[in-house]
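Asks: compute the structure for the input listed below.
(2 chains)
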Protein chains: 2
Amino acid sequence: MSQYPPTPSPGDAHPASAAAGAGAAAGSRLDRWVGTYARRTASMTASEIRALFAVANRPEVVSLAGGMPYLPALPLDALADLTARLVAEKGAVALQYGSGQGEERLREQIVEVMRPQGIEAHPDDVVVTTGSQQALDLVSRVFLDPGDVVLAEAPSYVGALGVFRSYQAQVEHVPLDHDGLQPAALEEALTRLARAGKRVKFLYTVPNHHNPAGVTLSLGRRHEVLAIARRHGLLVLEDDPYALLGFDGDPLPALRSMDADHVVHLGSFSKTFAPGYRVGWAVAPHAVRDKLVLASESAILCPTSFGQFAIAEYLSCHDWLGQVKVFRELYRERRDALLAALSAHLPHATWTHPRGGFYVWLTLPEGLDSGAMLPRAVTGRVAYVPGRAFYADGTGQRFLRLSYCFPTAERITEGVRRLAGVVRDELEVVQMFGPTAPRAGRPAVDGPGPELA
Amino acid sequence: MSQYPPTPSPGDAHPASAAAGAGAAAGSRLDRWVGTYARRTASMTASEIRALFAVANRPEVVSLAGGMPYLPALPLDALADLTARLVAEKGAVALQYGSGQGEERLREQIVEVMRPQGIEAHPDDVVVTTGSQQALDLVSRVFLDPGDVVLAEAPSYVGALGVFRSYQAQVEHVPLDHDGLQPAALEEALTRLARAGKRVKFLYTVPNHHNPAGVTLSLGRRHEVLAIARRHGLLVLEDDPYALLGFDGDPLPALRSMDADHVVHLGSFSKTFAPGYRVGWAVAPHAVRDKLVLASESAILCPTSFGQFAIAEYLSCHDWLGQVKVFRELYRERRDALLAALSAHLPHATWTHPRGGFYVWLTLPEGLDSGAMLPRAVTGRVAYVPGRAFYADGTGQRFLRLSYCFPTAERITEGVRRLAGVVRDELEVVQMFGPTAPRAGRPAVDGPGPELA
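Replies: Now for the predicted structure:
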């Protein structure tokens, strides 16, 4: 799916380009504009890992790397009918520009979609965005000056870390465990940063079925985190695409359901329906909501009318909650396959036991480095995302993320078998020559990349 | 279409919100986060004009304000069939995440779409964006630090000015006339700014059927502008959504067709097909293209797969150029209606004579202020965009933009009749009491807003 590494094209050999006296070396190419980029652009470079993912997308490789929902489970024929009706009957509106905040009908439905999490919102609180990735970007745009601090779990969603970095913010990690973010560590970080005179703009958290850690913030800790937020005047950015994909009953109350003033809540149709329309949303206090709408209009004018109309039709004409249940059962089966295969084949590793969502977080035996091991894994026809991608501080070498959302149970089992072989070989090398030198420094993946969604 | 002014909602009366000790007044509301916004956010405020547009969208008002293409002219039944087939046969891919750079098939087609303008590009030079508004945002993100200078025509597209402002850039205007941007003035501005030690990051220009001025950069001036760009090492951002909507034969060669190294070219399907999928593109030198892709992945992960697939199907299965011709004839007829009505009813004003695109730029009689007049115009059931929206320096009071793209010829004629009445009344007032005090200062429209697309 990735376009990296960029393939050479005729433009590279353009005569005027070759004659460019002002060009400066950037990789192996001349870039005459290299001296004119913004400071924020300095951090934008494609990582070596993404070249590997291009290989990892070959059919012979079992990819446990991506976060793509399993769309063949969608009722495509019913969707085709519904979409055709939409174009024929409402095309002149559905294909037109729309409101910067998003279509009112969809915002009303989004309020209903959030109700199982205890969220009482008004459609006017909702801003529709180009996936919740854009919501992350807009919140960062509205709040972050260079040098500001964002608190985020360790590990944290790679796409969020990329956004915060692009706004030249400094990410300070707060550890999590099997019950999610540790409130005591949050309190400690806030106190330490306040003492150091640092400006903390918000806490970024994925409370349900965490990406990449696969853990869920317990109910007790939700109350604790919000009490800390109120005490410190801290905004909480609750990124919550997986809430409805829990395997064990109803979702826990969202942070937003417990405090409407200190929480900006992000949701998405990408995991419960499909990502291809790029429709997510933010729920925010009104003054913040106003800023988000203005920022979004500046960024894209308005979100896709067609995607919003199509999803609105789907929500109102189809048993969408039934479809979420179909997804849930499918992912549960695949999670079970992954956990069983790990137990059977990876005796020297440990891992989390997700109760929903897409991801298992695995800790390699001491001395192994998931980044250094990745090329050998891909050669062994299995792919994962190295842990370092999920840390802003260059750590995370012993961890890796495994996704069970897209491959079938059989492929998952085969993938883990292959991974186990790679780990065994790697352990032998380490036992013979000592551990791979830990490579701290800049994070392993610079942009989120759709393959890491 | 606009959501402004925001209507009160239950959230406003939230008890915890009322109890917020840390809140500060922002308008009439408490905003507890007002002290935590980024510096760039200070400029994000909704203008009074947008409240008027909410009224202007009522059916009894003839709106000559919006830049919405006339979508009822689309072959909706054929589109419905094509869309249904797409969902049924390729839904599992078309509704999935896609590449950050955009689908290869669509990028190949975009190369063909640009060929009538003499552009020789490779699909790998193209980045698909969420409308060309996102391309404006991405180019700004990659190049602009606070305080950097952007050169832009006077007047200039309101949405671009909003983006540059959101990146805290300083816009310096370069005058245009009936042949577009004035090269001598560009040269003079560059020399003056260099002497002042200012950092000019790029020139922003709409060469064809300018928004809002309705003029086209002549061929001779295209060569001159590029010669100046090469001499000064200046990047040119060529924003070109209207190229194929010329009424008098083939489009002029694009700036990008004459210089692949100094030009980032932006295109869009919003005016030649439909804006509702939000699909535009940028063509850039490779190193810049790489940065744009990384910036886009950070902003939205990837552009809409579905929109790209749908447009690719439309381009390959439908006589899309024939459809562009249908639009062109329709807009030509409406332009003729507008120009005829202006000649008949507005003897004391002058205006441009567009040979394509959507817009006429009108100069009011001396002493009139288009911004001050707008409330009276809306009361008189006609709407336009005041000129001040298109200037970064608070000038432009005597101008206004009229769009002929959406209303029928009859409605346009009626709208101009109403406008003429408003101007007559306004002139009487001015003759009796002297001119309205010119109100320079901050621009009249802060965000672009979809209604000004």
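
Asks: can you pull out the strands in the stretch 151-300 of chain A?
Replies: Here the stretch 151-300 of chain A has its strands, by DSSP state E, counting those that start in this stretch, at A:170-177, A:180-181, A:200-205, A:235-239, A:263-268, A:280-283.

Asks: could you dump these to JSON lines with distance to chain B, mean pLDDT and mean neighbour count?
Replies: For glycine as for every other residue, the C-beta is placed from the backbone atoms N, C-alpha and C. Output for the strands of the stretch 151-300 of chain A, formatted as JSON lines (distance: least, Cβ to the nearest Cβ, whole Å; pLDDT from 0 to 100; neighbours: other Cβ atoms under 10 Å in any protein chain shown):
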{"stretch": "strand A:170-177", "distance to chain B": "14", "mean pLDDT": "98", "mean neighbour count": "18"}
{"stretch": "strand A:180-181", "distance to chain B": "21", "mean pLDDT": "98", "mean neighbour count": "24"}
{"stretch": "strand A:200-205", "distance to chain B": "6", "mean pLDDT": "98", "mean neighbour count": "26"}
{"stretch": "strand A:235-239", "distance to chain B": "6", "mean pLDDT": "98", "mean neighbour count": "26"}
{"stretch": "strand A:263-268", "distance to chain B": "9", "mean pLDDT": "98", "mean neighbour count": "27"}
{"stretch": "strand A:280-283", "distance to chain B": "9", "mean pLDDT": "98", "mean neighbour count": "28"}
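
Asks: as TSV, those strands with distance to A:Arg50 would be great.
Replies: Formatted as TSV, the strands of the stretch 151-300 of chain A follow (distance: least, Cβ to Cβ, whole Å):
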stretch	distance to A:Arg50
strand A:170-177	21
strand A:180-181	29
strand A:200-205	23
strand A:235-239	23
strand A:263-268	23
strand A:280-283	23
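
Asks: for B:Arg231, find the nearest of the ones you listed.
Replies: Nearest to B:Arg231, of all those, is strand A:170-177, at 40.9 Å by Cβ to Cβ.

Asks: in contact with A:Tyr167, which residues?
Replies: Listed by Cβ atoms under 8 Å, 6 or more residues apart in numbering or on different chains, the contact set of A:Tyr167 reads A:Arg40, A:Ser140, A:Arg141, A:Leu144, A:Pro146, A:Asp148, B:Ala38.

Asks: repeat that with 10 Å
Replies: The contact partners of A:Tyr167, taken as Cβ atoms under 10 Å, 6 or more residues apart in numbering or on different chains, are A:40, A:137, A:139-141, A:143-146, A:148, A:150, A:201, B:38, B:40, B:141, B:298.

Asks: restricted to buried residues, select the residues you listed in PyMOL.
Replies: If you want just the buried ones from these in PyMOL, going by 16 or more other Cβ atoms under 10 Å in any protein chain shown, the selection is:
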select buried, (chain A and resi 40+137+139+140+141+143+144+145+148+150+201) or (chain B and resi 38+40+141+298)
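
Asks: between the contacts of A:Tyr167, which sits nearest B:Gly162?
Replies: B:Arg40 (11.6 Å).

Asks: show the pLDDT at that closest one.
Replies: Here, the pLDDT recorded for B:Arg40 equals 94.

Asks: next: the one 3 residues further on.
Replies: B:Ser43 is assigned a pLDDT of 77 by the prediction.

Asks: and the nearest residue to it once chain neighbours are set aside, how many neighbours?
Replies: Nearest in space to B:Ser43, with sequence neighbours left out and distances taken as Cβ to Cβ, 6 or more residues apart in numbering or on different chains, is B:Arg165 at 5.3 Å. B:Arg165: 22 surrounding residues under other Cβ atoms under 10 Å in any protein chain shown.

Asks: B:Arg165 reaches B:Leu136, doesn't it?
Replies: No: at 11.8 Å, B:Arg165 does not count as touching B:Leu136 under the criterion of Cβ atoms under 10 Å.

Asks: what touches both of those two?
Replies: Residues touching both B:Arg165 and B:Leu136 (Cβ under 10 Å, 6+ apart): A:Ser298.

Asks: distance of A:His173 from B:Tyr277?
Replies: Distance, A:His173 to B:Tyr277, by Cβ to Cβ, to the nearest Å: 38 Å.

Asks: again, but for A:Phe406
Replies: For A:Phe406 relative to B:Tyr277 (Cβ to Cβ), the value is 25 Å.

Asks: neighbour count for these two, which is higher?
Replies: B:Tyr277 (28 against 21).

Asks: ok, the nearest residue to that one once chain neighbours are set aside - contacts?
Replies: Of all residues not flanking B:Tyr277 in the chain, B:Gly307 sits nearest, at 3.1 Å (Cβ to Cβ, 6+ apart). Residues in contact with B:Gly307, defined by Cβ under 10 Å, 6+ apart, are A:95, A:276-278, A:304, A:306-307, B:94, B:98, B:103, B:106, B:128, B:130-131, B:269, B:274, B:276-279.

Asks: next one: A:Ile300
Replies: By Cβ under 10 Å, 6+ apart, A:Ile300 lies in contact with A:100, A:129-130, A:134, A:138, A:278, B:129-137, B:278, B:280, B:299-300, B:448, B:450.

Asks: can you map out the strands along the stretch 301-450 of chain A?
Replies: Secondary structure of the stretch 301-450 of chain A, counting by DSSP E, counting those that start in this stretch: strands at A:350-351, A:359-363, A:382-383, A:385-386, A:399-403.

Asks: mind checking which of the ones you listed is nearest chain B?
Replies: When those are compared by Cβ to the nearest Cβ, strand A:399-403 sits nearest chain B, at 12.6 Å.

Asks: got the angle for that closest one vs strand A:359-363?
Replies: When axes from the mean of the first three to the mean of the last three Cα atoms, to 10 degrees is applied, the directions of strand A:399-403 and strand A:359-363 differ by 150 degrees.

Asks: tell me the pLDDT of the nearest residue to A:His223 once chain neighbours are set aside.
Replies: Once flanking residues are discounted, A:His223 sits nearest to A:Met258: 7.0 Å by Cβ to Cβ, 6+ apart. Here, the pLDDT recorded for A:Met258 equals 98.

Asks: tabulate the strands of the stretch 301-450 of chain A (JSON lines), appending mean neighbour count and mean pLDDT.
Replies: Converted to JSON lines, the strands of the stretch 301-450 of chain A look like this (neighbours: other Cβ atoms under 10 Å in any protein chain shown; pLDDT from 0 to 100):
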{"stretch": "strand A:350-351", "mean neighbour count": "15", "mean pLDDT": "98"}
{"stretch": "strand A:359-363", "mean neighbour count": "23", "mean pLDDT": "98"}
{"stretch": "strand A:382-383", "mean neighbour count": "26", "mean pLDDT": "96"}
{"stretch": "strand A:385-386", "mean neighbour count": "28", "mean pLDDT": "95"}
{"stretch": "strand A:399-403", "mean neighbour count": "27", "mean pLDDT": "97"}
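
Asks: tell me which of the ones you listed sits nearest to B:Pro285.
Replies: Once the strands of the stretch 301-450 of chain A are compared by Cβ to Cβ, strand A:385-386 is nearest, at 31.0 Å.

Asks: packing partners for the closest one?
Replies: The helices and strands touching strand A:385-386, judged by 3 or more Cβ pairs under 10 Å, 6 or more residues apart in numbering or on different chains; DSSP states H and E, are helix A:48-56, helix A:370-379, strand A:399-403.

Asks: partner strands of the shortest one, with direction?
Replies: When you say that, I think you mean strand A:399-403. strand A:359-363 (antiparallel), strand A:385-386 (antiparallel) (DSSP bridges).

Asks: so where do the helices sit in chain A?
Replies: Ranges of helices in chain A, per DSSP state H, are A:15-18, A:48-56, A:76-94, A:104-113, A:131-143, A:158-166, A:183-195, A:219-232, A:255-258, A:286-300, A:305-317, A:320-345, A:370-379, A:409-433.

Asks: and those helices, which is most packed in?
Replies: Stretch with highest mean neighbour count among the helices of chain A: helix A:131-143 (a mean of 28; mean count of other Cβ atoms under 10 Å in any protein chain shown).
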